[in-house]
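1. sequence unknown, structure follows:
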C-alpha cells in the first residue's frame, strides 16, 4: 500500500504559481501555509497581499485576503484587525513595497503595536517591474536603475529593516531568516510560526524578514542565486532574532 | 424679525461665548439661528469674532459682510474692522472702557457702554461681555434675557449654574446702560 | 427629539454614530479637527474604534481594510488631506467597498488657506484617483441637511457598494445651527456575503481586490461598475429647484454658496427681478434633469462658486447650449457676497436688453 510521504498544504490552492524558476517566493508561501494549518488558524486568517511579485498571492492562498495598494498593506491590515480582532491578520510584502513606498505604514503598525504578523520578503531588488534598485539592493549590485552598481554616495547603504523595527517597543517579535538551504528553511518556518503565535497571544506586532532570491533579475541560475544570497546578502543582513516576546521581561 | 449680529473682540473677552448664548437662546425660542466663528491659525490671543443670526424665517447666508443689523465691539481693532459691516440704521454697541474713539459713520445708531467698569462694579470684571449682550438685548428684543440664562448651562455645562445670578445681573446692568 | 445647537463638524459625527458607524480612521487637518476629536471621545463609548492614522494615506487604506472586513466605517479630511486619500478612494471604488468620506473644503491649491472653499469640485466629481470610477457626492447646504444625508449615506454606500463623499466646507464645519436628529429609518440592505471574516474552512475564500491582469476581465469589471453608475444616475439624483420656470436668470450654486445666492435672490425680488435657483444636492450624479425645467426664454444661467469656476463645466454640459452660462465666484478662502451676485445677475439682464 502506498504511503503518503508529502502532501501540499491545504492553505495553498491548486492554482499554478506565476513565479520564475528558482524564485523562493514559493517556498515562503508554503511555509506560511503550513504554519497556518499547524496552528489551526487557516479558517480565521485574513491575508493582505502587496503590490509586487506576490500581488497575486490571493490566488494561491486559501484563506480570505485583501489585495492592498503599494506599501499600504500594514494600514489595510490595521483596518481589518480593528474591525475583527478575533481574526488572524497578516501581511505578505516585498522589499520595494515594505522598505520603500511603505516605510511609514510599517513603522507605524510597529509603533502602535498592532496585533498583526508581517512576512517581509527581501530579495534586494524590484522583481515584478523588471529588476530596478530597491532600498535593500547591496552596494555594488547592478540593477536596471543602478546599471554601474549601487554606490553609497549616490543611494546610501541598504536599509536594514529588521534592525530598524527592532528599535520600536510595539514590535514584540522581530527575526531575520533565510531560505537558501534546507536548514535555513526549517529555521524560517520556526520563526514564522512564532510570529503568528505572537499575534495569537495578543502580544503585539511581529515581523519575519525572509532573505529571498530573484534569479531572473539577478541574472543567475537558481543554484547560483542561492549561493549569491548566502555569500552576499547574509553578511550584510545577518540572520537571527532581534526581539522575542518570550524573552522580554 | 431678524437680527444679524457681529460680535468681535480679542481672544479671552468672551465674544464667541455671548454669540453662542444668543444663538442658543434663539433656538430655545423656536427661532432659526446660525453661529459662524472666524477661525485662524492662532490658538490663543489674536482677534476673535463670530456672526450670529437669529430670525423668524429660514436663514440664508450665515456670513455677514455689509448687512449686519448690529455689531458688538469689545476692543478698538474690532471697531476699525467691523463698523463698515453694518447696514444703514444698524446698531453699533461699543465697549467704551477699551475704545476711546467715536464711530465714524452717521447713518447708524451708536451706543457707548462702560462695560468693564460696570462688570467690575457688580463684582466680576470678566462679565463685560454679558453687559454688552444685555445692552444688545434691550435695544433689539430679539430674545428674552431669561432665554439667555436658560441657555447658560446648556452652553457652558451644569457646573456653571452657580454663575447664573451674576450673569443675570450683568445683563440687567447692560440693559440699564442703554435705557434712556 | 428636541433640537440642539451643534457645530457642523460635531453634528456630522453624531449623525454617523446614530447611523451605526463604528469605525473611524483619520488625521488632523484644519478646519475639520472637531471630527476626529468628537469621534475619539464618542466611538469607544458605543463599542467602536477611533484610530488616528499616521497619514491620510494610511487612514484611507485603513478604511479599505475595515470596509472589506465588514465594518461601517468613515474618514474625514480637508482639501490637501483629501488629495492624499485619492489613491485609496480609487482602490475602494475598484474593490466595490462601502464607506463614507467627509471633506470640509478649504482654499487651495497646495497648502492654500484654512478658510472655506469649494475648489475641490473637480477632485470630488472627476476623481483625483486613477481609473474609470465614480462615487456619490453629496453637497449639503445646512447642518440639518448634512445630518439627514449622513444618516442615509451609510445605507446608500452599502446598497451600491460604493464610497459616498459628503462635501462640506470650512464654513459648514465650523458654524453652529440648530439640528434635530431624526430616527434612522432602517432600509433593507443586501447581505454582506463578500466580506473577509475568515473562511472557517467552510466556504471559498473571499477576496477584496481591484487587480485584474487580464484585459478582458478588467473590461468586464469596468462594464459592471459602469452599469452600477448608470443605476445611481437613475435613482439617486437630488437637487432643489426654485422658481426656474419663469425666471429671467437662473443661478446654480451648491452648499453654503447657495445660501449666499438665496440672500441675493430675496433682494432682487424686491426690485422685481425674477431669479431662479438650481441647487444640486448630489454633485455626482449631477442633476441634469433640473435644467429641463428652466424657462426656455431665460436670459442666462449664472454659476456661483467659492472657486475660480469648476461646477460651471457641468452646468454647461447640462444646459447643452440652451442658455448663456456666466460665472461669479470668489476663491482663496473668501466667500462671495450677495451684492456680488446681485451685480452679476444684473449684468446678464442688462446684456440681454
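-> Cool, got the structure. Note that the structure is a prediction, hence the values are computed from the model and not measured.
2. all contacts plus neighbour counts: C-alpha atoms, from now on.
-> Will do.
3. Which stretches in chain A count as helices?
-> A:25-38, A:57-60, A:73-83, A:95-96, A:103-112, A:152-155, A:161-165, A:182-200, A:215-218, A:222-228, A:234-236 (DSSP state H).
4. could those helices go into a markdown table alongside mean neighbour count?
-> Formatted as a markdown table, the helices of chain A follow (neighbours: other C-alpha atoms under 10 Å in any protein chain shown):
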| stretch | mean neighbour count |
| --- | --- |
| helix A:25-38 | 20 |
| helix A:57-60 | 21 |
| helix A:73-83 | 30 |
| helix A:95-96 | 28 |
| helix A:103-112 | 21 |
| helix A:152-155 | 10 |
| helix A:161-165 | 20 |
| helix A:182-200 | 20 |
| helix A:215-218 | 20 |
| helix A:222-228 | 17 |
| helix A:234-236 | 12 |
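5. Correct me if wrong: residue B:53 contacts residue B:31.
-> No. With contact defined as C-alpha atoms under 8 Å, residue B:53 does not count as touching residue B:31 (9.8 Å).
6. who has more neighbours, the two?
-> Shown here are residue B:53 and residue B:31; by other C-alpha atoms under 10 Å in any protein chain shown, residue B:53 has more neighbours (29 against 21).
7. With adjacent residues omitted, what lies nearest to that one?
-> residue B:4 (4.5 Å; C-alpha to C-alpha, 6 or more residues apart in numbering or on different chains).
8. Check what contacts whichever strand or helix holds the one you found and list those residues.
-> Using DSSP states H and E, residue B:4 falls within strand B:2-10. Strand B:2-10 is contacted from outside by B:15-16, B:19, B:45-57, B:64, B:67-75, B:77-78, B:82, B:140, B:142, using C-alpha atoms under 8 Å, 6 or more residues apart in numbering or on different chains.
9. Of those, just the buried ones, PyMOL syntax please.
-> Those of the contacts of strand B:2-10 that count as buried under 16 or more other C-alpha atoms under 10 Å in any protein chain shown are selected in PyMOL with:
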select buried, chain B and resi 15+16+19+47+48+49+50+51+52+53+54+55+64+67+68+69+70+71+72+73+74+75+78+82+142
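10. Next step: the contacts of strand B:2-10 restricted to helices.
-> Among those, the residues falling in helices (DSSP H) are B:15, B:16, B:19, B:77, B:78, B:82, B:140.
11. Now that the third one has come up, it's in contact with residue B:35, right?
-> Same thing as residue B:19. Yes. Using C-alpha under 8 Å, residue B:19 is in contact with residue B:35, at 6.9 Å.
12. where do the contact lists of the two overlap?
-> Shared contacts of residue B:19 and residue B:35, counting by C-alpha under 8 Å, 6+ apart, come down to B:50, B:51, B:52.
13. A helix includes residue C:178, no?
-> No. Residue C:178: not assigned to a helix; according to DSSP: H, G, I helix; E, B strand; the rest coil it is strand.
14. ok, it to residue B:156 distance?
-> 17 Å (C-alpha to C-alpha, to the nearest Å).
15. same deal with residue C:23?
-> From residue C:23 to residue B:156 the distance is 29 Å (C-alpha to C-alpha).
16. okay, these two: which has more neighbours?
-> residue C:23 (27 against 13).
17. Could you list the residues of chain B in contact with chain C?
-> For chain B, the residues found near chain C under the criterion C-alpha under 8 Å from any C-alpha of the partner chain are B:23-24, B:27, B:32-37, B:39-41, B:59-62, B:65.
18. Which pLDDT value belongs to the residue in chain A that chain B sits nearest to?
-> As assessed by C-alpha to the nearest C-alpha, chain B sits closest to residue A:104 within chain A, at 27.1 Å. Residue A:104 is assigned 98 on the pLDDT scale.
19. Just give the number of residues close to residue C:216.
-> Residue C:216: 10 neighbours (other C-alpha under 10 Å).
20. Once you drop chain neighbours, what's closest to residue C:90?
-> Residue C:90 sits nearest to residue C:129 (C-alpha to C-alpha, 6+ apart), 5.2 Å away.
21. Give me the subset of the residues of chain B next to chain C lying in helices.
-> Short answer: the residues of chain B next to chain C in helices (DSSP H) are B:23, B:24, B:27.
22. Just among these, which is most surrounded?
-> residue B:24 (32 neighbours).
23. Listing request: residues of chain A with sub-threshold pLDDT.
-> Applying pLDDT under 70 to chain A picks out residues A:248-249.
24. ok so, going back, who's in contact with the residue nearest to residue C:90?
-> With C-alpha under 8 Å, 6+ apart, residue C:129 has these contacts: C:86, C:87, C:88, C:89, C:90.
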